[in-house]
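# Model the structure of this input:
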Amino acid sequence: MAHRIVLASASPFRKALLENAGLAFDVEPAQIDERVVEEQLDGLTPEDVASVLAEAKAQDVSSRNPGALVIGSDQTLSLAGDIYHKAATMDEARRRLLKLSGRTHELNSAIVLAKDGETIWRHMSVARMTMRDLEPAFIGRHLSNVGDRVLSSVGAYQFEGEGIQLFERIEGDYFTIIGLPLLPLLQQLRELGAIDG
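This next block holds a predicted model:
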């Protein structure tokens, strides 16, 4: 159990998932510009974009933390082949929810483990999220209720909070939806001897 574990993310949701699972780890957000990296990925699938970004984050932090196991993760939202990012404004969040209303989108959650700058494991999980038909007035009330917390999510909703009310059906696990496929990660950390198991 000599491995130091570092989460290469500023996400309070990912941090909470690992804390709740009982892991001892440090947090060091990656110092990469995701949009700049993504500009070089033209033509890749939404899953591949998430995987490349997760790997870039893990390798960036790994390069500054010799010997540590670094967890990099990223999530993309895809709808009919288009990739969406976090909304920058509440108006953009409103437009996002209008676009997702009554349709099924995918949340593509990638996770990568790196050590000494090398990728040693990767995993991808996809959740299919079907929203109810939402009235524009309801979307306005919902956003007013939850506030700008929605700007921290690619879907402009907090699934773990009131955002659950927007959905008709989901296919996939909770951890994939939050953005850190926890069960495969824990299994891999056990196999590496990084956590008890």
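# just the strands in this structure please.
5-7, 26-27, 69-79, 82-84, 104-115, 118-131, 167-171 (DSSP state E).
# Now the second one: average pLDDT?
Averaging pLDDT along strand 26-27 gives 97.
# quick revisit: quickly, which of the strands of the chain bottoms out on average pLDDT?
Minimum mean pLDDT among those: strand 82-84, a mean of 90.
# Of all the residues in that strand, which ones are buried?
83-84 (16 or more other C-beta atoms under 10 Å). To be clear about C-beta, it is placed using only N, CA and C from the backbone, and glycine gets the same treatment.
# gap between A194 and F138?
45 Å (C-beta to C-beta, to the nearest Å).
# what about these two, which has more around it?
A194 (21 against 15; other C-beta atoms under 10 Å).
# Could you identify the longest helix within the protein?
helix 46-62 (DSSP state H).
# Chain neighbours aside, what residue packs nearest to E171?
Leaving aside its chain neighbours, E171 sits nearest to R128 (4.2 Å; criterion: C-beta to C-beta, 6 or more residues apart in numbering).
# What are the phi and psi values at the closest residue to R14 other than its chain neighbours?
Nearest residue to R14 in three dimensions, chain neighbours excluded: L180, at 4.6 Å (C-beta to C-beta, 6+ apart). Taking degrees, to the nearest 10, you get phi -150, psi 100 for the backbone angles of L180.
# pretty sure L180 contacts S73?
Yes - using C-beta atoms under 8 Å, L180 makes contact with S73 at a distance of 5.3 Å.
# Quickly list what's touching both of the two.
By the contact definition C-beta atoms under 8 Å, 6 or more residues apart in numbering, L180 and S73 are jointly contacted by 11, 14, 109, 111.
# hang on, the first one packs against S153?
Okay, so that is S11. No - counting by C-beta under 8 Å, S11 does not reach S153; the two are 9.9 Å apart.
# Give the residue from those two that has the larger number of neighbours.
Legend: neighbour count by other C-beta under 10 Å for S11 and S153, higher for S153 (25 against 18).
# Let me see the contact set for that one.
So S153 contacts 86, 159, 163 (C-beta under 8 Å, 6+ apart).
# now N108
By C-beta under 8 Å, 6+ apart, the contact set of N108 is 46-47, 49-50, 75-78, 124-126.
# out of the shared contacts of L180 and S73, who's nearest G172?
Among the shared contacts of L180 and S73, S109 lies closest to G172 (C-beta to C-beta), at 8.8 Å.
# you'd agree that closest one is up against L183?
No - between S109 and L183 there is no contact under C-beta under 8 Å: 11.9 Å.
# anything in contact with each of those two?
In contact with both S109 and L183: F175, using C-beta under 8 Å, 6+ apart.
# Between these two, which has more neighbouring residues?
S109 (27 against 13).
# and the more buried one, how far is that from F167?
From S109 over to F167 (counting by C-beta to C-beta), the distance is 17 Å.
# before we move on, what about G72?
In terms of C-beta to C-beta, G72 sits 28 Å off from F167.
# More neighbours: which of those two?
G72 (28 against 15).
# wait, which of the strands of the chain is closest to L97?
strand 118-131 (7.8 Å).
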